[in-house]
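**Q** Based on what follows, work out the 3D shape:
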Amino acid sequence: MSLREVAATFLLLLSVASGAYGLFALYCVLAFFAGGERRQGRMLVIPVSILKPLKGIDPGLRENLLSFCRQEYGEYEVVLGCTDPADPALPVAEEIAAEKWCSVRTVAGGRSLGENQKVSNLQGLVEAARYPFLAISDSDMRVDGEYLRTVADEYQGEGNVGLVTSLYVIPAPATAGAALESLTLALDFIPSVLVARKMEGVTFGLGASLFLSRRALEEIGGLPALAEYLADDYQIGNRLWKIGYTVVLSRYVMEDVAGAMSIRGHVTHQIRWARTYRACRGWGFLGYGITHFLPLALLFLAVQGLTPLSGALLAAVFALRYTLAFAVYARVIRNRAWLKWLFLLPLKDLTSFFLWLWSLGGGTVSWRGRRYRIMKGGRLRPAGMQGVSSPEAPP
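**A** Numbering: from 1, shown residues only. Below you'll find the predicted structure:
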């Protein structure tokens, strides 16, 4: 058997395995989102502090924050905070607090706990919070009035629930960069999370929303224990799971307001996510390569040439990818503005494969205007530290 035949056989096996994954991912998406309606206030209305760490002016920041102040819920408060008293997001937060949409307070300043300044910010919010239950959410998220009721009810469901966390989508991208980000979330990220949930359960948290108790947070060492890690959301969920708590994936899907994200911004964000994933779950990141159905099929076509088999495989790729796209659209997105960007799906798949390959090497990321090196386990170090190399990410 020639080298070309060996390569073609290997790529065919990878493509078949990738197709099997794609079919299973489609099943997981359909099964999860067909799992019933949101629960409607069946549990106790427990008092909750919604914590929103802020840094800079995110797209749609005012409306994002106001959406959390309009919850159809009993006793809750919203605590908004910045580590820098001169942060431009703080006047927006203070204006919302003055308007008294609900019980809103602001926090500014505080001590640094480590390299992850978001964790330092959150520590100040936790210390200021009045209530024993916390809903932590990133500042670029937007919700409707049912958010808090839904996740609070799911927290009180069956089993030893320690955390309820949420998926998120970009339903109406405004730019090509935001569209690539949206397609990545909808057709790579969400299916991979749902496959993981089916195979091993949810063993991590997602920063879009983390609902938990103060007591549970204290049991894993509190926020100071996470201050040297980039993926604090992952760490919270994983540490709770390791001490015996159940992590529930909510049926409430958050809206991520990406604004006019550039293609460069999309690439930078995906490299940060991929290298963080690799540091936290090395084997899982390596296995993630099997999800790249289109690039594998194109590589098989390049080696094998155009034959009935390679042509059929490529046709199957497009059928499966667009079937998944319309399934996610119908069950989650439900915004026709999203459909006009589906022509970018092949480009997104090729870009994602390139970024996965790129992220197999190197260990530096850009985050909030600074460069960091991600160490084993997800710890952060400034990229310029003596003795630590800092290869650049692609432009």
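**Q** Going by C-alpha atoms from here, please, whenever you check contacts or count neighbours.
**A** Fine.
**Q** which element is residue 381 on?
**A** Per DSSP states H and E: residue 381 is located in strand 380-382.
**Q** How about residue 111?
**A** According to DSSP H and E, residue 111 maps onto no helix or strand at all.
**Q** Can you tell me, leaving aside adjacent residues, what's nearest to it?
**A** Distance criterion Cα to Cα, 6 or more residues apart in numbering; nearest residue to residue 111, sequence neighbours excluded, is residue 120 at 6.8 Å.
**Q** what about that neighbour, neighbour count?
**A** Using other Cα atoms under 10 Å, residue 120 has 23 other residues around it.
**Q** how about it, what does it touch?
**A** For residue 120, the contact set (Cα atoms under 8 Å, 6 or more residues apart in numbering) comprises 83, 110-114, 223-224, 227.
**Q** so it, which of the three states?
**A** Per DSSP: H, G, I helix; E, B strand; the rest coil, the secondary structure class of residue 120 is helix.
**Q** still on that earlier bit, of the contacts of residue 120, which is the most crowded?
**A** The most crowded member of the contacts of residue 120 is residue 83, carrying 25 neighbours; neighbours defined as other Cα under 10 Å.
**Q** got a list of what it touches?
**A** Under the criterion of Cα under 8 Å, 6+ apart, the contact list for residue 83 reads 55, 108-111, 117, 120-121.
**Q** Which of the residues you listed sits closest to residue 282?
**A** Distance to residue 282 across these (Cα to Cα) is lowest for residue 117, with 25.0 Å.
**Q** Name the helix or strand of this structure that has the lowest mean pLDDT.
**A** Per-element confidence for the chain was summarised using mean pLDDT, DSSP states H and E. The lowest value among helices and strands belongs to strand 364-367, with a mean of 82.
**Q** any idea how far residue 27 is from residue 195?
**A** With distances defined as Cα to Cα, to the nearest Å, the gap from residue 27 to residue 195 amounts to 9 Å.
**Q** Neighbour count: the two, which is higher?
**A** Neighbour count, other Cα under 10 Å: between residue 27 and residue 195, residue 195 has more, with 21 against 16.
**Q** elements contacting the helix or strand harbouring that one?
**A** Secondary structure assigned from DSSP H and E places residue 195 in helix 190-200. Other elements packing on helix 190-200 under the criterion 3 or more Cα pairs under 8 Å, 6 or more residues apart in numbering; DSSP states H and E are helix 3-33.
**Q** could you give me the average pLDDT of stretch 90-101?
**A** Mean per-residue pLDDT for stretch 90-101: 95.
**Q** Sort out which residues of that stretch are buried, please.
**A** Applying a neighbour-count criterion of 16 or more other Cα atoms under 10 Å, the buried positions in stretch 90-101 are 90, 93-94, 96-97.
**Q** Of these, which belong to helices?
**A** The members of the buried residues of stretch 90-101 that map onto helices under DSSP state H are 90, 93-94, 96-97.
**Q** export these to CSV and tack on distance to residue 273?
**A** Converted to CSV, these look like this (distance: Cα to Cα, whole Å):
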residue, distance to residue 273
90, 27
93, 28
94, 32
96, 32
97, 33
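**Q** Nearest the geometric middle of this protein, what residue?
**A** Centroid-nearest residue in the chain: residue 206, 5.4 Å away (criterion: Cα atoms, centre = their mean).
**Q** How about the contacts made by the nearest residue to that residue once chain neighbours are set aside?
**A** Counting by Cα to Cα, 6+ apart, residue 233 is the residue found nearest to residue 206 once chain neighbours are left out, at 5.4 Å. With contacts defined as Cα under 8 Å, 6+ apart, the neighbours of residue 233 are 204-207, 210.
**Q** can you list the domains in this structure?
**A** Under automatic domain parsing, the residue ranges defining each domain of the chain are 3-32+274-382, 42-177+199-260.
**Q** From start to finish, how long is the first one in a straight line?
**A** Here the two ends of domain 3-32+274-382 are set 44 Å apart, with distance taken as Cα to Cα.
**Q** Ok, stretch 327-342 next?
**A** End-to-end span of stretch 327-342 (Cα to Cα): 13 Å.
**Q** Which residues belonging to the helix holding residue 195 are considered buried?
**A** For helix 190-200, burial by neighbour count (16+ other Cα under 10 Å) applies to 190-197.
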